[in-house]
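[1] just coords:
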């Protein structure tokens, strides 16, 4: 349920509504909006729905009380029609520009980190990525350098000016990762690690939430809802492929998810073609498709010497490959961008319901 | 197994090799190539492999005898490195140009057929599509107008000059569909209807083979192999989405299949975003992505009044929607085309093996 | 829509209703029932629904006019609450007994056919299976002996008294297969080959319809509906595994489909553990599970010398393995059978709706 | 790699090998075995393989040095051929007996906990289950009573004598859950939460690891490997259904995983039909199938008044339903148990490799 304040509502009236929500044992979430304030109230409402509606409709400055039809509330376009734009340093994600995040799968050494950061910065990347804590299927695989890697990332940021993104794997790591990184990443295997989602929902820095390889779009948005309802509105979604019966490639990239998400939610959407395919030579075509379909950014793995990488070398671009990719993305982005209409209108007119199957 | 003839081999030497293959109870398939003739021999080879190799290596004009590492042979890049270009009227599919196929899901009436054909022709479509025999999940749904619809399709061709594509559902229909249509379509549910594949492999007209919604890429190519080994080399592949656990949309479009196929096979690849998503407003973004990733064409459903369509109205574009799509596709195609390098080289250097999973 | 006649309705009243249905351009399908006659009317009803209902409610001998809530009509429990029992020779399928169908994947020779038929008959199989026309992924694999194999099957029947089941792949083969076989099988790849479904719907002999490996349960029942609405009420369903992301085994056996089908439809359900797993040593445990969950029968592949089989040898049982299986199935069937309550009541009380996902 | 000691090796020789492994920077894991000691060495071996092999082959008391062919090592049958039997109170899991775990989805109140514990104990359950910390898709759903629920579980154990199993969701909860529970459960969404796996690998109590609904069997065993290699050998695997394209039921139960796991690993395997289907009336047939296929136990949800349950009421059995289930399971277990041969032999003779697909 959310409350649309009148365009002339005073700050005192807004505050009165917030206090009334708190008094009901619920959480108010305020979207200041561009024209009018909207306040969502979240928590277990149950049978009180009608009583609450009547109560809030009667308060001064309230124009309307509405229901949110989907299970995700704060992350829905219904509650928050404007695009969320996320600011990290001088980078804006979600404003129509294209943000490329690049770097090694894991930060294996100071040298690899600095060398790669410089190369991708020169080629036009806006965010530097690199793994410090690595979730690996096998307990016997290289698990990342940990805090040491976080320090190299910070050094790479100083060197290049690029903000840094890295993965956090458990609640107890949030504090230290938050100290070094500019964006915290939650990986595909942890998409429904609710303790971790709540923990990253309590920090101020943006969070990039990768889709679980076995997760539906609705579950993904519900996981984003955990972060936002815990207090952190700055969530970036990252499509990285889902698991299907097809075995030629590691995963099947669900690119239709990008325009669908732009309709369902106001959060920016990034695509990761490196993990989706697991093949270096497919990164460029998939990145181009991602940009053409309207993604707000692309995340790719780059390594100075992929054959020596301690993890995922097969899918990492060389420096040359990355420069070639950057040259290709620009023109396609420029051409495709104006072609994507208003996602709210495009879908709203037609309904976006779970479809029958053929 | 295939035999590479020397660049100076005479016609008589080529014929001698063909005769020797036939004498072994196998089928020779000749790829004239641009520089040298290559001859595949197909059939059950089994333990004769080594003996056959020795025999053919000793024949005049033979440069080399090679194995094809994949289970699809005639459709593989290894045997046939040059792109197959398919000519239908003055349309060429697979030569780097973009072929748009458009029309109603089913040909419901003469009026709908002619009206739509004219509209899509004016907007730039190169092939007119329309269903005469409709495979429907329910026996109680509209099953198409049959031969009557074929006549309307022929009339639409006369009116607009556009070649016509339509689906054939069983071997007994091949003769009549072949009489009216320019391209025969095999639908997703019949991708492994081997009797049908063999039957369309015996006609001269091109065949468009849709991917089974539950089929792997390798099975898809094996089905194409049925057609080609039956004598029809003009096969177009059409990606239309696969079935996954995600339920928001009807199917998950596997766009990575496009560059993967361009590496594995010489056949052209088309994408069908209408059936993949089942939603009109997602057709444009998915078509753009398909073009950006290198598809040789796009097939979409267009209907003068989608709300009145007897089948799949929800996914059909209006005439206005189709014109808007055509305006968008051109520039993206122009930009993306030169960005796709040589698919043979790009993949070959790195290997395209069934991947581990993450 | 279906019409429940009163328990005292005369034959003339039943006939009057049938005629009225035909006069509306619809097909009547009569279920004589144990207590009262029920008549389904199938075809495109559309906006006539209310008018038809009124008309039939007013006819003599009509007790009630009801809607069928699901898209499958004649195959639904709503229309036909009693179990369908299929009689082939002296075998009854669907009456609570356990029917084991066994034989080689393909009938490779007269010798293999006769030898195997005798062995499985002695061990307790009630139906002999064997492939004459084989749908193979590769055009270069052994495609079956065709009509010659049909003759060996007939000979095996004479020798052992076992009725014979074999696959039919296209409408043009129906006549010859019908001449030799006792049950016609439609394979997994042809589950949505509607021309074939209609063709086998026009013969008198029972049809076993395998589930498409990519097909939902609803689609499967819609395919059965094609057969039944074409005039053949004797359909057996066969679960043989679906395609999932798991790759250790060939397919994932969906055993929960068995009780679910027993609730949704009156048709008998068989399980095929050979194709589901592709591994000989998993056939017995999966067969046991299938029997414990309430399947009406089990189909398995048996070969005198599996290592020499021309197809699927890896999943075929030896004669000894088959005898061991038969010894195991009996006691589990006896124990499990009375534990399965009335499928109509069990599900009806709680509703069987497409579920949310976790 | 693992080292098979001679049957006559002395304790001193075993210790010398352990020390040598530690000196190499690797971890020794000792399987005392019934006839001879086997010692696995785990960690990053890389290029040292040959050198290590030579070194250990030369040590006193060593009979043989072998490689483990699969990526899971300590959990593999190769290293540890004997079944692992887990003892909790006077319950043994994995010794051929059938262990039923039952209780409410979440411990909603002291009353529900005690009432249910008594009912399931009387009906023959051996373990009491109940959720204290609940992973819920929505942040707005009931999240469990937490530590308060743990205290009720402990009280239920005192009342009935049944050991207690409950889920732990993050490393920080391990200590408190370990204090109250007898078995720690890791849920499907946390199957690849490696920080949690490592944390439960450091406690003494057994861990039940549910399969991730999107996880392969190999990934599942790799997750078990995290626990065992962290020091806790007492892991129970629980199959609870995987996510597929079928939507009638919540998930598809992969029952073939049970005999497959019994071949691949020595750990006991439990099935959970409540979560797999989400339907009360399918719990009994699926549980019967699970027992017939050889599962070491069954976990089901039971609630005194399912319609009032705060979570998953639709899939919970009533007390009567549970008693009926228990009466059915016994005879099927007795009949099926001796039919499952030695899993090592049955599979080993034939190989269990990732299969081709049909």
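    Received, thanks. Bear in mind the structure is a predicted one, so any value in this text is a computation, not a measurement.
[2] For the rest of this, base every contact and every neighbour count on C-alpha atoms.
    OK.
[3] how many other residues sit next to residue A:213?
    Neighbourhood size, residue A:213 [other CA atoms under 10 Å in any protein chain shown]: 23.
[4] Verify the contact between it and residue A:191 for me.
    No: counting by CA atoms under 8 Å, residue A:213 stays clear of residue A:191, with 9.0 Å between them.
[5] anything in contact with each of the two?
    Here residue A:213 and residue A:191 have no joint contacts, going by CA atoms under 8 Å, 6 or more residues apart in numbering or on different chains.
[6] And the residue of the stretch 151-300 of chain A closest to chain D?
    When scored by CA to the nearest CA, the stretch 151-300 of chain A has residue A:214 as its residue closest to chain D, at 4.7 Å.
[7] Contact partners for that residue?
    Counting by CA under 8 Å, 6+ apart, residue A:214 has contacts A:242, A:243, B:245, D:213, D:214, D:215, D:243.
[8] if I look at it, how far off is residue A:240?
    11 Å (CA to CA, to the nearest Å).
[9] Report the secondary structure state of the spatially most central residue of chain A.
    With distances taken as CA atoms, centre = their mean, residue A:236 lies nearest the centre of chain A, 1.6 Å away. At residue A:236 the chain is in strand, as set by DSSP: H, G, I helix; E, B strand; the rest coil.
[10] cool, residue A:64 as well?
    Looking at residue A:64 with three-state DSSP, the answer is strand.
[11] What does the pLDDT read for the closest residue to it other than its chain neighbours?
    Nearest residue to residue A:64, sequence neighbours excluded (CA to CA, 6 or more residues apart in numbering or on different chains): residue A:4, at 5.2 Å. Reading off the confidence values, residue A:4 has pLDDT 92.
[12] Now do the helix or strand containing residue A:4: which elements does it pack against?
    According to DSSP states H and E, residue A:4 maps onto strand A:2-5. Strand A:2-5 sits against strand A:38-42, strand A:62-66, with contacts defined as 3 or more CA pairs under 8 Å, 6 or more residues apart in numbering or on different chains; DSSP states H and E.
[13] closest to residue A:83 out of the ones you listed?
    strand A:38-42 (14.6 Å; CA to CA).
[14] tell me what the helix or strand residue A:49 falls within is packed against?
    Counting by DSSP H and E, the element that carries residue A:49 is helix A:49-57. On a contact count with 3+ CA pairs under 8 Å, 6+ apart, helix A:49-57 meets strand A:62-66.
[15] tell me the contacts of the closest residue to chain B within the stretch 1-150 of chain A?
    Nearest residue of the stretch 1-150 of chain A to chain B (CA to the nearest CA) works out as residue A:137 at 7.8 Å. Counting by CA under 8 Å, 6+ apart, residue A:137 touches B:358, D:192, D:219, D:222, D:223.
[16] mind redoing it with 10 Å?
    For residue A:137, the contact set (CA atoms under 10 Å, 6 or more residues apart in numbering or on different chains) comprises A:143, A:189, B:357-358, D:71, D:192, D:194, D:218-223, D:225-226.
[17] just to revisit the earlier point, off-centre distance for the helix holding residue A:49?
    Relative to the centre of its chain, helix A:49-57 is centred 34 Å away, using CA atoms, centre = their mean, to the nearest Å.
[18] any residues touching that helix, and which ones?
    A:1-5, A:17, A:20-21, A:24, A:45, A:58, A:62-67.
[19] tell me which residues in stretch A:20-38 are buried?
    A:20, A:21, A:26, A:27, A:28, A:29, A:30, A:31, A:37, A:38 (16 or more other CA atoms under 10 Å in any protein chain shown).
[20] Does the residue in the stretch 1-150 of chain A that chain C sits nearest to lie in a helix or a strand, and which?
    Nearest residue of the stretch 1-150 of chain A to chain C (CA to the nearest CA) works out as residue A:71 at 12.3 Å. Using DSSP H and E, residue A:71 falls within no helix or strand.
[21] from what I can see it touches residue A:223, true?
    No: using CA atoms under 10 Å, residue A:71 is not in contact with residue A:223, being 11.1 Å away.
[22] Show me whatever sits in contact with both of these two.
    Contacts common to residue A:71 and residue A:223, judged by CA under 10 Å, 6+ apart, are D:137, D:138, D:139.
[23] How about the contacts made by residue A:321?
    Residues near residue A:321 by CA under 10 Å, 6+ apart: A:280, A:281, A:283, A:284, A:302.
[24] likewise residue A:126?
    A:88-92, A:98-102, A:120, A:160-164, A:297 are the contacts of residue A:126 under CA under 10 Å, 6+ apart.
[25] repeat for residue A:252
    With contact taken as CA under 10 Å, 6+ apart, residue A:252 is in contact with A:213, A:240-246, A:273, A:275-277, B:242, B:244, B:252-257.
[26] Now do the same for the one helix or strand residue A:159 maps to: mean pLDDT, whole number.
    Assigned by DSSP H and E, residue A:159 belongs to helix A:147-160. Per-residue pLDDT over helix A:147-160 has a mean of 98.
[27] and residue A:139, how many neighbours?
    24.
[28] Mind checking what secondary structure it has?
    Classified using three-state DSSP, residue A:139 is coil.
[29] ok, the helix or strand hosting residue A:276 near chain D or not?
    According to DSSP H and E, residue A:276 maps onto helix A:273-277. No: using CA under 10 Å from any CA of the partner chain, helix A:273-277 stays clear of chain D, coming no nearer than 15.4 Å.
[30] Tell me the helices and strands packed up against that helix.
    Under the contact criterion of 3 or more CA pairs under 10 Å, 6 or more residues apart in numbering or on different chains; DSSP states H and E, helix A:273-277 touches strand A:235-239, helix A:280-292, strand A:297-301.
[31] Let's see that with 7 Å instead.
    With contacts taken as 3 or more CA pairs under 7 Å, 6 or more residues apart in numbering or on different chains; DSSP states H and E, helix A:273-277 sits against helix A:280-292, strand A:297-301.
[32] what about the longest one, average pLDDT?
    Okay, so that is helix A:280-292. Computed over helix A:280-292, the mean pLDDT rounds to 95.
[33] separation between the residue sitting furthest away from the middle of chain A and chain D?
    Each residue of chain A has a distance to the centre, and by CA atoms, centre = their mean the biggest one is for residue A:58: 37.3 Å. As for residue A:58, its distance to chain D is 26 Å (criterion: CA to the nearest CA, to the nearest Å).
[34] Say whether chain D is contacted by stretch A:195-205.
    Yes: against chain D, stretch A:195-205 shows contacts by CA under 7 Å from any CA of the partner chain at residue A:195.
[35] how about the residues of chain A that lie near chain D?
    A:43-44, A:135, A:137-140, A:170, A:189-190, A:192-195, A:214, A:219, A:222, A:226.
[36] Provide a PyMOL selection command restricted to the buried entries of those.
    In PyMOL syntax, the buried subset of the residues of chain A next to chain D is picked out as below (16+ other CA under 10 Å):
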select buried, chain A and resi 43+135+137+138+139+140+170+189+190+192+193+194+195+214+219+222+226
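[37] Over to residue A:8: give its phi and psi.
    The phi/psi pair for residue A:8 (degrees, to the nearest 10) reads phi -100, psi 10.
[38] Distance-wise, check it relative to chain D.
    31 Å.
[39] Tell me, how many residues neighbour the residue lying closest to that residue once chain neighbours are set aside?
    Closest residue to residue A:8 apart from its sequence neighbours, by CA to CA, 6+ apart: residue A:61 at 7.3 Å. For residue A:61, the count of nearby residues is 21 (other CA under 10 Å).
[40] again with residue A:229
    23.
[41] check which helix or strand covers residue A:185.
    strand A:183-186.
[42] Residue A:25 too?
    Going by DSSP H and E, residue A:25 is not part of any helix or strand.
[43] Can you read off the pLDDT for it?
    In this model, residue A:25 is scored at 89, pLDDT.
[44] Then residue A:342?
    At residue A:342, pLDDT is 61.
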